[in-house]
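K.L.:
coords please:
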Amino acid sequence: MFNTTKGLILREVRYKEADRILTILTESDGKITAKARGALRKSSRTAAATQQLTWSELTLFGNRGKWTVNEGSVVEGFSGLRQDIERLALGSYFAECLEAFSVEEQPDPALLQLGLNSLYALSENLGEPAKLKAAFELRLMCLAGFQPDVQACAVCAKPEPEEPVLNLEDGVLCCRSCARSPWDAAPLDPDALAALRYVVSAPAKKLFSFALSGQSLNKLSRAAELYVQTHAERRFPTLEYYKQFRGNSEFGIRNSE
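P.N.:
Predicted coordinates for the structure are as follows:
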């Protein structure tokens, strides 16, 4: 059975001498695994289309639940990522998150759109990487069924909590004094909270249309990152790789402040 579809290459692994094993987030079939025979050869017509972080049109052959890439052409290569090692590392983290939260053979147009929009914004330098990262992480969690409730303090119902924190396990907003487990909560401030509320409800095309900087951005970034790790119940090697270039040790570190 042949199937022509568009897909985002989330991961590529070298197999034997010249093949690639791909994880692809496709329009028609959701997340699939496919083999690209000979893709590593210089003469291969599928080499460019089967690179990680490429949005490609692919002709796939399916047999007994296994897919093989027969043809491929690049639709969007996100070339800006390959010109900046920090952005490339962050794009790889986006791909690892998409792989972790997508479901085998279950189409998810909203998740695919988030991945494409985020990689495009990153490639075209449409925002500070830390801002793009936080917005991607938070919207990802919303799509994965973990949308945080940030309308008011979950305990005292104050619409503007005093010293707001995001409870990582329950996904609720609290005043610091109301939080049951302050060691399992990420501190915010009024600007970070306003940005969090925006990201949760913004239209997909306007996801990155907010301004945030300094310590407020650091707090939002840290909260978003920890929220992903809490519900994924894992860490992401690509995130640690990104941090080597980011040079910001604040992200991803729990403390008891």
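
K.L.:
give the contact list for D191.
P.N.:
Each residue near D191 by CB atoms under 8 Å, 6 or more residues apart in numbering is listed here: L212, S216. All C-beta spots, glycine's among them, are computed from the backbone N, C-alpha and C.

K.L.:
okay, the least confident helix or strand in the chain by mean pLDDT in PDB with CA atoms only?
P.N.:
Least confident helix or strand, the chain: helix 237-246 with a mean of 91, by mean pLDDT, DSSP states H and E. Presented in PDB, the C-alpha positions along helix 237-246 are these (Å, rounded to 0.1, in the frame of the first residue of the first chain):
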ATOM      1  CA  PRO A 237      18.700  14.600  26.800                       C
ATOM      2  CA  THR A 238      18.200  17.200  24.100                       C
ATOM      3  CA  LEU A 239      17.200  19.800  26.800                       C
ATOM      4  CA  GLU A 240      20.400  19.200  28.600                       C
ATOM      5  CA  TYR A 241      22.300  19.600  25.300                       C
ATOM      6  CA  TYR A 242      20.500  22.900  24.700                       C
ATOM      7  CA  LYS A 243      21.500  24.200  28.100                       C
ATOM      8  CA  GLN A 244      25.100  23.800  27.300                       C
ATOM      9  CA  PHE A 245      24.700  26.500  24.700                       C
ATOM     10  CA  ARG A 246      22.100  28.500  26.600                       C
END
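
K.L.:
Which positions in that helix come out as buried?
P.N.:
T238, L239, Y241, Y242, K243, R246 (16 or more other CB atoms under 10 Å).

K.L.:
residues near V155, how many?
P.N.:
Counted with other CB atoms under 10 Å, the neighbours of V155 add up to 16.

K.L.:
which pair in the buried residues of helix 237-246 spans the largest distance?
P.N.:
T238 and R246 (12.1 Å; CB to CB).

K.L.:
for the protein, what spans make up the helices?
P.N.:
Secondary structure of the chain (DSSP state H): helices at 85-101, 109-123, 129-143, 190-201, 214-232, 237-246.

K.L.:
Please state the offset of the shortest one from the chain centre?
P.N.:
What it means is helix 237-246. 14 Å (CA atoms, centre = their mean, to the nearest Å).

K.L.:
which parts of stretch 60-72 are buried?
P.N.:
In stretch 60-72, the ones that count as buried by 16+ other CB under 10 Å are L60, W67, V69, N70, G72.

K.L.:
What's opposite the closest residue to the third one other than its chain neighbours in the beta bridge?
P.N.:
Beyond its immediate neighbours in the sequence, the residue positioned closest to V69 (CB to CB, 6 or more residues apart in numbering) is A36, lying 4.2 Å away. Note on A36: beta-bridge partners R20, judged by DSSP bridges.

K.L.:
Please report the distance of A36 from T68.
P.N.:
Using CB to CB, to the nearest Å, we find A36 at a distance of 8 Å from T68.

K.L.:
go on, E104?
P.N.:
Distance from E104 to T68, by CB to CB: 17 Å.

K.L.:
Repeat that for G80.
P.N.:
G80 is 31 Å from T68, by CB to CB.

K.L.:
now swap in Y198 and tell me
P.N.:
43 Å.

K.L.:
where are the low-confidence patches of the stretch 151-257 of the chain?
P.N.:
Residue ranges of the stretch 151-257 of the chain with pLDDT under 70: 182-183, 247-257.

K.L.:
go with 80
P.N.:
Residues of the stretch 151-257 of the chain meeting the criterion pLDDT under 80: 180-183, 246-257.

K.L.:
re the thing from before, the residue nearest to V69: how many residues sit nearby?
P.N.:
Neighbour number of A36 under other CB under 10 Å is 27.
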